[in-house]
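Participant: following is a predicted model, sequence given first.
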Amino acid sequence: MHTIHSSFTGGGIHFATPISSLRTNELDLVRGVLQMLQGLSSSLFNWDEKRHCFHFKRGIYLTHLSQTSLYRILDQFLYAATCLQLVDIAVTKIEKSKGSPPPTLRAFSCSVSTWLRRIRDVALKEEVKVNSSNGCIALSILGLSSSLSRFVCSSLDFGARVCVCSGAEYLFQIVDGAIPQFYLEIDPYLPAAEIAFQILNHLYLKLNEVCLVQGGEEDAYRMLLYIFVGSLLPYIETLDSWLFQGTLDDPFEEMFFVANKKIAIEEAEFWDKSYQLRSTKPEKLILADFLSDFPEKKDKTGRAPISSSNVAVANEETKKDSQLCPFFIKDVAKAIISAGKSLQLIRHAPTTSLLSVSTDNVEDGYNIAGLTLSEIFCVSLTALVGYGDHVSEYLSQDDSFSIANVESKNFWQKLLDDTLAQKGNTGSVLSSQNGALNPQKYCPENPAITVCCGILEENRDAWSSLNISQAFNLPPLNDEWLRQAIFRDNSGHGLNTDYTSGFQFGELECLRFLEDAKILEAVLPFPTLLPCLQEDLQMSEVLPFQNNCTLPSKTLRWIQNVDPKSTPPPAAIIQECLIFYIKKQADYIGRIMLSKLLHDWKLMDELGVLRAIYLLGSGDMLQHFLSVIYNKLDKGESLDDDFELNTLLQESIRNSADNVLLSAPDSLVVSVSRSPGFGEDEQNSPSISTPRKGRNQSSGMDVLDSLKFTYKVSWPLEVIANAEAMRKYNQVMSCLLKIKRAKFVLDKARRWMWKDKGTATIKRKRYWLLEQKLLHFVDAFHNYVMDRVYHNAWRELCEGVAAAGTLDEAIEVHEAYLLSIQRQCFVVPDKLWGLIASRINSILGLALDFYSIQQTLSSGGAISTVKARCEKEVERIEKQFDDCMAFLLRILSVKLNVGQFPHLAALVTRINYNCFYMSDAGILMPVPGSATSRK
């Protein structure tokens, strides 16, 4: 019949009437369709294992429908049933995959399975209705298509078919997009973090697409919301343990950050390297790489692929930053990691100050209003979606809910009240008052009592018959002699186990058994009680209240049946229901952390010690040490004995008035590096050498770069003053030591020149003028550095730390402080700063050269050849000084540089005092007595 009908164009001979015996019973056809939608094969419809789709038996026809129309209607049901069956297969493969699936994947599978069962239950109810009618209700195939149009493709007319993307087809799109078919076909190994990243991002994007729903499309939003929330809950539970307990409970490693277990909390690198954002590893493939190996083809339903674009979008974002962090929490990822690390530091370090904020709530696993993060997320979600309320507005400063005491409360208010009441009910389920048992609402020992609580309350007369003590008048039955009589060949008679003739135990034993019965009754009340059968009973209603379980289960059940007042986008849901509370907890931990930093761990005191040491704020502490070092360098002695240097340093600290700054004299150690410089920055920066090529390298300015001072910062302040910070401190200190030495040698040269002031000549005046210019520059630069670095930068540091809200912000303030003093001392690896630093160091070297000349003149200056050589050296020093000053003033006076870095204007004002070298218009002035002016 099918062959004859299809042999003509236009669908065959429409007026041809088949034989009546071949006509299909419409009731059987409806039953077959309903069974097919439930995933069952029948005589009319069967599942093709090879092609993975449903087929109907050829030759089916109805008298009131043409075959073309009938086939179009059946094609809709075939497509819907195929989508549902493919979803069922995908869920089964996930559940039966090798090993236990990750929490997010398992939650996604359970959510999809629940919604699949919900859709198929519609077909099941229709089948029950058809079978129970006994022919009274005649359901046609057209009527079935109309009643099931919510999850099949409905036909507006037989000429054009419009597919409503909800129900079966939309559920298949969600599953196929979140878990691509290649994953189910070849079963590749993918890290749990990448799977969670793909699922959550895909659901977030799909929910964002359907949030602007129109009339009749609420089912798609409700479906996506249910699956998204169900899949997100395990992720939130892991965040809860991290944010409120400081514990990373992530055995499957699906979170967006990973722990480095090799670094202990006591180590200085704990804050920077212990917990870091998880990135895709180059040796492991991601979803987009798998998809590229598979050609673009139609999906198993025979239609065009529907998920590759979504997968491409998610993986395109992954390739951009290579971080496996879901879109919706990327902005707070750093704050989340810092909050958990701060909790670990707070709990590990003892509290020693009375001024610090109390950390009892933090150490006891503080929660928001007594709810976990997943619970407050569910309450906020029900309020936002169902009623348009914002739960955060009802949260007071002390983290308690202030809800008006009205009789008619919303669902979310009742849910919140019930949850808080159950969390506060810590008593036993059955309490004894006056010898009577009073049942409470929940029984952890016997869930059957929880279900039958209402029945027990209504039938108190039956309690006596249900109590185990009423039927505990017989001891345990001992059948050992009976077993021996059966299985052994002996004629001995066993002891009698029939106690109807009398009780064979003494009074004490009887009392002991009765006491045991009472104890057993208290531990396990009503052990023989069985609840009656209830359809669709949730486990959360049977089991006692459990954190992260009971309330989310009720919320998911509510989402299935709710008529949403609004359909907020996922960004609004995440921000209002999750991000708000994450930031609230992070801010709370940040305040606790800053309080401990300032009061318990004495952060500013420790930074003050570093300021006194490395910025030479305590001149008395290192005065003796520096004087001895400078004198050794003047004599040409080398600094290569670490033991001698540390002995000298400890002696200088003990004899100073500021020795109380250090916790122990040996906390500050000096060492000599064999190669000048302290890191790669110095190697990349322009080389700075002394102007005189013949100067002894062991006594020049560069030798001070080899001194490295190491101060042991107390834990846990090492997370702020880490090794990189100490390297920068040493760079600044090296610059200050050079300035101090230049000032030291010029003051020494001045004393020699004062001794010879009676022999005043023109050349002597020239020496005096050069010495004054060098000394003025050194003093001006020294005052500039101490004013800008020691005072202004420190004031900015104190203000920044006081305004910081978290440890990360305090670290950023300290890093900005170090960068500021580096810039102001011109020791940053920058081209402009390198040029300025080279000229400044040249002038400092010229001061050392001038000191060498005066030392030579004061010791053997009567020889004419020596005087002539010294005069040439003075001319060279004077010319180089004028060239360096002209270069510095041109660079420092550029308006662009002064505008970007205001501190340069202060330096120009100091070294160009009274416009001695350059006028206000930027014109270089001839300096009296200089080599250039004489020419």
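Facilitator: Thanks, I have the structure now.
Participant: backbone dihedrals for Leu668, please?
Facilitator: phi -110, psi 120 (degrees, to the nearest 10).
Participant: surely it touches Val713?
Facilitator: No: counting by Cβ atoms under 8 Å, Leu668 sits too far from Val713 to count as a contact (10.9 Å). (Each C-beta comes from the backbone N, C-alpha and C, glycine too.)
Participant: ok, and for stretch 232-240, which residues are buried?
Facilitator: Buried residues in stretch 232-240, counted by 16 or more other Cβ atoms under 10 Å: Leu232, Leu233, Pro234, Tyr235, Ile236, Glu237, Thr238, Leu239, Asp240.
Participant: can you put the residues you listed in a markdown table and add distance to Lys206 and secondary structure?
Facilitator: What follows is those, written out as a markdown table (distance: Cβ to Cβ, whole Å; DSSP: H, G, I helix; E, B strand; the rest coil):
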| residue | distance to Lys206 | secondary structure |
| --- | --- | --- |
| Leu232 | 13 | helix |
| Leu233 | 18 | helix |
| Pro234 | 19 | helix |
| Tyr235 | 17 | helix |
| Ile236 | 19 | helix |
| Glu237 | 23 | helix |
| Thr238 | 23 | helix |
| Leu239 | 22 | helix |
| Asp240 | 25 | helix |
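Participant: can you list those in a markdown table and add pLDDT and distance to Leu844?
Facilitator: Converted to a markdown table, the buried residues of stretch 232-240 look like this (pLDDT from 0 to 100; distance: Cβ to Cβ, whole Å):
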| residue | pLDDT | distance to Leu844 |
| --- | --- | --- |
| Leu232 | 95 | 62 |
| Leu233 | 95 | 65 |
| Pro234 | 94 | 63 |
| Tyr235 | 94 | 59 |
| Ile236 | 94 | 60 |
| Glu237 | 94 | 62 |
| Thr238 | 94 | 57 |
| Leu239 | 94 | 55 |
| Asp240 | 93 | 59 |
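Participant: which of the residues you listed sits closest to Asp331?
Facilitator: Distance to Asp331 across the buried residues of stretch 232-240 (Cβ to Cβ) is lowest for Leu239, with 14.4 Å.
Participant: pretty sure that closest one contacts Ile336?
Facilitator: Yes: assessed by Cβ under 8 Å, Leu239 is found in contact with Ile336 at 6.7 Å.
Participant: who touches both of those two?
Facilitator: Taking Cβ atoms under 8 Å, 6 or more residues apart in numbering as the criterion, Leu239 and Ile336 both touch Ile582.
Participant: wait, Lys273 touches Val258, no?
Facilitator: No: between Lys273 and Val258 there is no contact under Cβ under 8 Å: 11.1 Å.
Participant: all strands for the stretch 201-350 of the chain, in order.
Facilitator: All strands of the stretch 201-350 of the chain, identified by DSSP state E, counting those that start in this stretch, fall at 257-259, 275-277.
Participant: next, format the ones you listed as CSV and append mean neighbour count.
Facilitator: What follows is the strands of the stretch 201-350 of the chain, written out as CSV (neighbours: other Cβ atoms under 10 Å):
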stretch, mean neighbour count
strand 257-259, 17
strand 275-277, 17
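Participant: now for the longest helix belonging to the chain, which elements pack on it?
Facilitator: For the chain, the helix with the greatest residue count under DSSP state H is helix 723-755. Applying 3 or more Cβ pairs under 8 Å, 6 or more residues apart in numbering; DSSP states H and E, we find helix 723-755 packed against helix 603-614, helix 623-634, strand 707-711, helix 762-785, helix 807-824, helix 831-860.
Participant: determine which of those approaches Ile376 most closely.
Facilitator: helix 807-824 (24.6 Å).
Participant: and that closest one, what does it pack against?
Facilitator: Secondary elements touching helix 807-824 (3+ Cβ pairs under 8 Å, 6+ apart): helix 333-348, helix 580-595, helix 723-755, helix 793-803.
Participant: okay, Val908 and Gly845: tell me how far apart.
Facilitator: Val908 is 22 Å from Gly845, where distance means Cβ to Cβ, to the nearest Å.
Participant: between these two, tell me which one has more neighbours.
Facilitator: More crowded of Val908 and Gly845, by other Cβ atoms under 10 Å: Gly845, with 24 against 19.
Participant: output stretch 196-213 in CSV with nothing but the alpha carbons.
Facilitator: C-alpha atoms of stretch 196-213 as CSV (Å, rounded to 0.1, in the frame of the first residue of the first chain):
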residue,chain,number,x,y,z
ALA,A,196,32.2,22.2,35.0
PHE,A,197,33.4,25.2,33.1
GLN,A,198,31.7,24.0,29.9
ILE,A,199,28.4,23.0,31.6
LEU,A,200,28.0,26.2,33.7
ASN,A,201,28.9,28.6,30.9
HIS,A,202,26.6,26.9,28.4
LEU,A,203,23.7,26.9,30.8
TYR,A,204,24.4,30.5,31.7
LEU,A,205,24.4,31.6,28.0
LYS,A,206,21.2,29.6,27.2
LEU,A,207,19.4,31.1,30.2
ASN,A,208,20.4,34.5,29.0
GLU,A,209,18.9,33.8,25.7
VAL,A,210,15.4,32.8,27.0
CYS,A,211,15.1,35.3,29.9
LEU,A,212,13.1,37.6,27.6
VAL,A,213,10.3,35.2,27.2
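Participant: give the rounded mean pLDDT of it.
Facilitator: Stretch 196-213 shows a mean pLDDT of 89.
Participant: now do stretch 411-428
Facilitator: 73.
Participant: buried residues of that stretch, list them for me.
Facilitator: Trp412, Gln413, Leu415, Leu416, Thr419, Leu420, Gln422, Lys423.
Participant: these two touch, right, the last one and Glu375?
Facilitator: The reference is to Lys423. No: judged on Cβ under 8 Å, Lys423 makes no contact with Glu375 at a distance of 9.2 Å.
Participant: what is the neighbour count of Pro716?
Facilitator: 23.
Participant: same check, this time on Val87
Facilitator: 23.
Participant: quick one, what contacts it?
Facilitator: Val112, Leu116, Ala168, Leu171, Phe172, Val175.
Participant: now, those residues that are in helices?
Facilitator: Of the contacts of Val87, the ones assigned to helices by DSSP H are Val112, Leu116, Ala168, Leu171, Phe172, Val175.
Participant: give me the lowest-pLDDT entry from the contacts of Val87.
Facilitator: Ala168 (86).
Participant: show me what contacts it?
Facilitator: Leu37, Tyr79, Ala80, Ala81, Cys83, Leu84, Val87, Ile119, Phe151, Val152.
Participant: if I look at it, how far off is Phe256?
Facilitator: 33 Å.
Participant: same check on Ala804?
Facilitator: 25 Å.
Participant: ok, so of the contacts of Val87, who is nearest Pro251?
Facilitator: For these, the minimum distance to Pro251 (Cβ to Cβ) is 23.3 Å, reached by Val112.
Participant: about what we covered before: how about the buried residues of stretch 411-428 in JSON lines, adding distance to Lys738 and secondary structure?
Facilitator: Shown next, in JSON lines, are the buried residues of stretch 411-428 (distance: Cβ to Cβ, whole Å; three-state DSSP):
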{"residue": "Trp412", "distance to Lys738": "69", "secondary structure": "helix"}
{"residue": "Gln413", "distance to Lys738": "71", "secondary structure": "helix"}
{"residue": "Leu415", "distance to Lys738": "70", "secondary structure": "helix"}
{"residue": "Leu416", "distance to Lys738": "67", "secondary structure": "helix"}
{"residue": "Thr419", "distance to Lys738": "68", "secondary structure": "helix"}
{"residue": "Leu420", "distance to Lys738": "67", "secondary structure": "helix"}
{"residue": "Gln422", "distance to Lys738": "71", "secondary structure": "helix"}
{"residue": "Lys423", "distance to Lys738": "66", "secondary structure": "helix"}
